[in-house]
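Undergrad: Need a 3D model of the following:
(one chain, ligands or ions: 1)
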Amino acid sequence: MKCHPGGETHTRRMLALAALSPGASVLDLGAGAGESVRLLRELGFMARGLDIEPRSPLVETGDLLCAPFPDESFDAVLSQCAFFVSGDVPGALREAKRLLKSGGRLLLSDVEFTPLRPLAEAAGFTILHDEDMTALWREYYLEALWRDEDACRCELPRRKCCYRMLIAERR
Ligand SMILES: C[S@@+](CC[C@H](N)C(=O)[O-])C[C@H]1O[C@@H](n2cnc3c(N)ncnc32)[C@H](O)[C@@H]1O
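TA: Now for the predicted structure:
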């Protein structure tokens with residue numbers, strides 16, 4: 001079961017766009033069932049995952065809005081479909097910045113009700129890649145509805161939204 005649009009293919013694409021080298025330390029915020037943590041480790045990254053309700057022993061328990069790691073601990077922070085459901089996107093971006101080393105990379109894909117790019121810039125990131133993935137997300141969401149996969153869906157406000165991928169560098 002994939003819990004973000006594009007599944008593993010999308011995760012691999014984010015890693016390629018971020019130009020991360022194997023051996024880099026990566027934290028997955030809102031890691032869920034740990035699918036991306038598993039993939040990252042297979043690819044040679046030092047990956048950890050954090051989730052408020054982990055669904056795998058690969059993932060540690062914790063709140064992404066106040067993660068239990070010191071400042072500047074990671075070369076990269078990945079988050080797929082989790083910042084919005086945390087209820088505080090600007091707070092999640094600030095926490096991602098705190099956790100990253102200078103020059104570290106943020107690999108973010110999420111639903112977008114308020115434009116993510118200016119929020120990320122205000123939190124201290126320089127955007128390296130910005131992509132609208134709304135068409136892929138719609139396809140994914142309909143498939144999840146069809147298969148009745150509750151774990152992959154979340155309650156969204158009844159407002160028009162998009163789905164966006166950002167690759168950014170911590171200033
Ligand atoms: C749609 S799932 C995505 C899971 C995973 N990133 C993936 O793509 O397979 C959203 C995840 O965010 C987690 N989450 C929501 N709020 C959180 C918070 N404040 N701190 C940590 N995790 C949170 C949920 O428990 C859930 O596992």
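
Undergrad: Now the element after the longest helix seen in the chain, going C-ward?
TA: When the chain is parsed with DSSP state H, its longest helix is helix 134-147. Using DSSP states H and E, the helix or strand that directly follows helix 134-147 along the chain is strand 162-170.

Undergrad: Relative to that next one, what are the paired strands and their orientations?
TA: With DSSP bridges as the test, strand 162-170 is paired with strand 100-112 (antiparallel), strand 125-132 (antiparallel).

Undergrad: avg pLDDT for it?
TA: Mean pLDDT, strand 162-170: 97.

Undergrad: so that strand versus helix 134-147, what angle?
TA: 120 degrees (axes from the mean of the first three to the mean of the last three Cα atoms, to 10 degrees).

Undergrad: What residues does this protein have near the ligand?
TA: 3-4, 30-33, 35, 51-53, 63-65, 80-82, 85-86, 154 (Cβ under 6 Å from any ligand atom). Where you see a C-beta, it was placed from the backbone N, CA and C, and this is true even at glycine.

Undergrad: ok, now with 5 Å
TA: For the chain, the contact set with the ligand under Cβ under 5 Å from any ligand atom comprises 3-4, 30, 32, 51-53, 63-64, 80-82, 85-86.

Undergrad: Just the buried subset of those residues, please.
TA: Among the residues of the chain next to the ligand, those buried by neighbour count (16 or more other Cβ atoms under 10 Å) are 3-4, 30, 32, 51, 64, 80-82, 85-86.

Undergrad: Among those residues, show me the least confident.
TA: Lowest pLDDT among these: residue 3, with 72.

Undergrad: now that one: how far from residue 106?
TA: Per Cβ to Cβ, to the nearest Å, residue 3 is found 19 Å from residue 106.

Undergrad: avg pLDDT for the longest helix of the chain?
TA: For helix 134-147, the mean pLDDT works out to 83.
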